[in-house]
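S.K.: from the sequence below, what's the structure:
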Amino acid sequence: MVGSPQILSTTVVQPLVNQNVAMIGATSGYRTGVVVDMNVRFVGHAGWGTFTLNNQVLTTIRAERGDSGSLIFRTSDVTTVGLLVGGAPGTNRTYHTRADLANSQMQTERH
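M.R.: Okay, here's the model as predicted:
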């Protein structure tokens with residue numbers, strides 16, 4: 001993939017509005033975007049029903065079906081900022097769980 005990083009950092013940082021971010025999706029490959037909002041509510045739909053996730057990050061990364069779970073990282077230093085949880089296929093609206101919050105809720109840390 002031209003322009004994609006070769007090694008991702010294991011460091012986890014908090015995303016910031018207007019920050020340049022990227023992902024490497026299983027379906028869409030390397031895509032870039034910008035963090036546009038924090039603490040957003042995401043309402044998703046699955047075969048078993050509707051669910052709501054609070055405190056999500058909204059970016060302009062254009063993801064496709066099959067990209068869920070992709071790491072989102074800062075383009076400046078490839079540090080992890082989140083995990084892709086959903087969006088509207090075909091649009092530039094994707095939602096991400098903050099990696100720093102996921103680590104603290106699961107009581108995990110980098111070793």
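
S.K.: my read: Y30 touches V21, true?
M.R.: No. Checked against C-beta atoms under 8 Å, the pair Y30 and V21 is beyond contact range at 11.8 Å. Heads up, the C-betas are built off the backbone N, CA and C, glycines and all.

S.K.: those two: which is more packed in?
M.R.: Higher neighbour count among Y30 and V21: V21, with 24 against 13, using other C-beta atoms under 10 Å.

S.K.: shouldn't the more buried one be within a helix?
M.R.: No. Under DSSP: H, G, I helix; E, B strand; the rest coil, V21 falls outside any helix and is assigned strand.

S.K.: who is it paired with across the strands?
M.R.: Legend: beta-bridge partners of V21 under DSSP bridges are G33, R74.

S.K.: try L58
M.R.: D37, Y95.

S.K.: from what I see, F73 and T80 are in contact.
M.R.: Yes. With contact defined as C-beta under 8 Å, F73 and T80 form a contacting pair (5.2 Å).

S.K.: tell me which element the closest residue to A26 other than its chain neighbours falls in.
M.R.: Excluding its sequence neighbours, the residue lying closest to A26 (C-beta to C-beta, 6 or more residues apart in numbering) is G66, at 5.1 Å. Using DSSP states H and E, G66 sits in no helix or strand.

S.K.: who are the neighbours in contact with G66?
M.R.: Each residue near G66 by C-beta atoms under 8 Å, 6 or more residues apart in numbering is listed here: G25, A26, T27.

S.K.: pLDDT, secondary structure and distance to L53 added to those residues, as JSON lines?
M.R.: Formatted as JSON lines, these follow (pLDDT from 0 to 100; DSSP: H, G, I helix; E, B strand; the rest coil; distance: C-beta to C-beta, whole Å):
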{"residue": "G25", "pLDDT": "91", "secondary structure": "strand", "distance to L53": "19"}
{"residue": "A26", "pLDDT": "93", "secondary structure": "coil", "distance to L53": "20"}
{"residue": "T27", "pLDDT": "92", "secondary structure": "coil", "distance to L53": "21"}
